[in-house]
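Visitor: below is the sequence, then the predicted model.
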Amino acid sequence: MTIAKTPFWELLMAIVRVQPLIRSGKALLTFRNGLEDSVTVTSVLASVRGGPNAEEKWVPLLPAPIQLRAGQIESTDISSAILKLFKPSDSTSAQNRQIRLRVILDPLPAEQPKTADYSIAFHGSNFIKFSTC
């Protein structure tokens, strides 16, 4: 009797992956659809990380939903939406902040992307860091 094994790359691609990146000073989110069907990223919500007693207020970042076919990779610029979360600063040094992102998909797959914490740094409107914590 032979037991069929699922190749590890199929296990890794069984969900929609979300990856932060910086390109030309812009904060981008890249979505990779590892599902066998199309899926729509209906919303990306952001919350500024505060102290333990801070109330989470979720703010939408996407101007429109993103449709992903099976296997498709798509990036979107969320720089201006992130900058609106913070008060302008006259500081000459970079601002380091932490945010929490929640991605909402439709239809809901068996495994939604988890709410995740991200570290960002920007100077003016130029992003210099965008990574998971």
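Guide: On my side now, so go ahead. Being a predicted model, the structure only gives us computed values, none of them experimental.
Visitor: for the chain, what spans make up the strands?
Guide: In the chain, the strands defined using DSSP state E lie at 16-23, 26-33, 39-48, 59-60, 66-68, 73-77, 95-106, 116-123, 126-132.
Visitor: ok, residues contacting the fourth one?
Guide: This points to strand 59-60. Strand 59-60 has contacts (CB atoms under 8 Å, 6 or more residues apart in numbering) with 43, 44, 45, 46, 47, 81, 84, 85. Glycine gets a C-beta too; all of them are placed from N, C-alpha and C.
Visitor: just the closest of those residues to residue 71, please.
Guide: Proximity of the contacts of strand 59-60 to residue 71 was ranked by CB to CB; the top entry is residue 44 with 20.5 Å.
Visitor: just give the number of residues close to the closest residue to that closest one other than its chain neighbours.
Guide: Leaving aside its sequence neighbours, residue 44 sits nearest to residue 61 (CB to CB, 6 or more residues apart in numbering; 4.6 Å). Residue 61: 24 surrounding residues under other CB atoms under 10 Å.
Visitor: that'll do, ta.
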